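S.K.: generate coordinates for the sequence data below:
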Amino acid sequence: MRYIFFLLIVAGSLISCNNTNSDKPADNPDSSQPERTVPASSRAALFAALKDLQATLESNDKNKVAALFSFPLTDSVMATHLDDSVFQKKYRDAGDQLTKQLFLEYYEPIVKYTNLDYITSLFKYLPIDSLGSSDEMEKYIKSKTNPCAEHYRIELDGDMVRLISGSVENDEYRASKLASEDESTGCEYSVVWMFRMEGSKLKFERYAAAG
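M.R.: So this is what the prediction gives:
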């Protein structure tokens, strides 16, 4: 429950600014609401755009990935604070914004800083076609010897797609003799990448991290 609350804080902050090892649809807390928010007429287009997004991210081609963004990017959209004095000076000189030139020049460290590599791994665990008629799907990767469990989630919301990657306390580890009663795992962490449909493509909307 603590992780779910933690995740809602991250996702909720994004929405407000814009006003075990098996795949499964996320539970719908309100059965009175329809499970699917994406109209059937636009669902096929959204799935096609999501598959294009997957191909772009998995290509690791910095020029193709850069085409997902509308530069420059401010801190309120994607905060990027690399531990690099040269980058920091260039960032300040650009008006505290991430320009396309900076993105391409520092592509690898930016990918690591924003956990975009983990977001890209999401598709390995959550095949797009497995969404079926659901708008949400998630997966936990657990090991009884690891106090943290990996968490991956896809959410479709109208013309918006949220890709979520993070970690949560592993209940299987906690239940084992490996975990002491007073041990704090410090596993709660989440990264959210948000994309919105523009024409037939998904374009970057927002990034946030918490934990």
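
S.K.: how many residues are close by the residue lying closest to Q54 once chain neighbours are set aside?
M.R.: By the measure of Cβ to Cβ, 6 or more residues apart in numbering, the closest residue to Q54 outside its immediate chain neighbours is F123, 4.8 Å from it. Just so you know, the C-beta spots here come from the backbone N, C-alpha and C atoms, and that holds for glycine as well. Residues contacting F123 under the criterion other Cβ atoms under 10 Å number 19.

S.K.: surely D52 and L202 touch.
M.R.: Yes. Judged on Cβ atoms under 8 Å, D52 makes contact with L202 at a distance of 7.2 Å.

S.K.: the protein: helices as residue ranges?
M.R.: 2-17, 40-59, 62-66, 75-78, 85-93, 100-105, 107-113, 116-125, 171-175 (DSSP state H).

S.K.: what's the closest of those to K144?
M.R.: When the helices of the chain are compared for distance to K144 using Cβ to Cβ, the nearest one is helix 171-175, at 5.2 Å.

S.K.: what helices or strands is the closest one leaning on?
M.R.: In terms of contacts (3 or more Cβ pairs under 8 Å, 6 or more residues apart in numbering; DSSP states H and E), helix 171-175 is packed against strand 148-157.

S.K.: list of residues touching the strand it packs on?
M.R.: 3, 7, 11, 26, 37-38, 46, 121-122, 125-126, 128, 131, 135-143, 161-173, 185, 187, 190 (Cβ atoms under 8 Å, 6 or more residues apart in numbering).

S.K.: do the same with stretch 195-211
M.R.: If you take Cβ under 8 Å, 6+ apart as the criterion, stretch 195-211 is touched by 6, 9-10, 13-14, 17-18, 42, 45-46, 48-50, 52-53, 68-70, 77-79, 114-115, 159-163, 166-167, 188-194.

S.K.: I'd like the average pLDDT over it.
M.R.: Per-residue pLDDT over stretch 195-211 has a mean of 95.

S.K.: quick one: it to chain centroid distance?
M.R.: Stretch 195-211 sits 9 Å away from the centroid of its parent chain (Cα atoms, centre = their mean, to the nearest Å).

S.K.: ok, stretch 51-61 next?
M.R.: In this view, stretch 51-61 has its centroid 14 Å away from the chain centroid, taken as Cα atoms, centre = their mean.

S.K.: residues touching the nearest residue to L50 once chain neighbours are set aside, list them.
M.R.: The spatial neighbour of L50 that comes closest, neighbours along the chain excluded (Cβ to Cβ, 6+ apart), is I128 at 5.4 Å. Counting by Cβ under 8 Å, 6+ apart, I128 makes contact with 47, 50-51, 54, 154.

S.K.: pLDDT below threshold where in the protein?
M.R.: 1-41, 177-185 (pLDDT under 70).

S.K.: adding distance to Y207, write the helices of the chain out as CSV.
M.R.: Formatted as CSV, the helices of the chain follow (distance: least, Cβ to Cβ, whole Å):
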stretch, distance to Y207
helix 2-17, 9
helix 40-59, 13
helix 62-66, 13
helix 75-78, 4
helix 85-93, 16
helix 100-105, 12
helix 107-113, 10
helix 116-125, 9
helix 171-175, 29
